[in-house]
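[1] Let me see the structure of the following:
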Amino acid sequence: MPLASIVSEAQRTDMKRLEALLDARMIEMPELPADAPDAERPQLCLDRGYAYDACRQTARAHGYVPHIPPKASKAQPLPPPEHPDRHAPKRWIVEVAHSWFNRFRRLLIRWEKKGPNYLALVHLAAVLIIYRKLRHARLLCG
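    Purely as a prediction, here's the structure:
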């Protein structure tokens, strides 16, 4: 489920906006004891654009367990495309969230000049996505 959204400048590095994104979440996290194990903490699945130690520290500071695939390097190149380790098991969570928002044609290509107008459309799309997921879950549960 989408929990927060922000609008930033074009060509802005993902890692520089992570703190603002985590601060923008609309749902407060439940209080957990400081010594709670990672299995009880919520998970934050991010893509390779966030594969920096600063991003991992920011996620932990906000109470999340970060799941970020490593960046490719000369010492550790990416596996070939057909290899199962090419994409981390949690990668689909990020991709499916992008897909949900791309189904709204007005968001796919940004025509709004003002950031608040575009952000309002993003929030409306998030509400519709959450409504559809809850409606589907209610139909399945009876």
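
[2] Tell me where the model's unsure across this structure.
    Along the chain, segments meeting pLDDT under 70 span 84-94, 142.

[3] just the strands in it please.
    43-45, 65-67 (DSSP state E).

[4] how about the ones you listed, which one is nearest His136?
    Nearest to His136 among these is strand 43-45 (21.0 Å), distances taken as C-beta to C-beta. Heads up, the C-betas are built off the backbone N, CA and C, glycines and all.

[5] Mind listing the strands that closest one pairs with, and their directions?
    strand 65-67 (parallel) (DSSP bridges).

[6] Run the chain-centre distance for the strand it pairs with.
    When C-alpha coordinates are averaged (C-alpha atoms, centre = their mean, to the nearest Å), strand 65-67 and its chain have centres 11 Å apart.

[7] For that strand, list every residue counted as buried.
    Going by neighbour count (16 or more other C-beta atoms under 10 Å), the buried part of strand 65-67 is Val65, Pro66, His67.

[8] The last one contacts Asp47, doesn't it?
    Okay, so that is His67. No - the criterion here is C-beta atoms under 8 Å, and His67 misses it with Asp47 at 10.1 Å.

[9] Spell out which residues are contacts of both of these two.
    With contacts taken as C-beta atoms under 8 Å, 6 or more residues apart in numbering, His67 and Asp47 have no neighbour in common.
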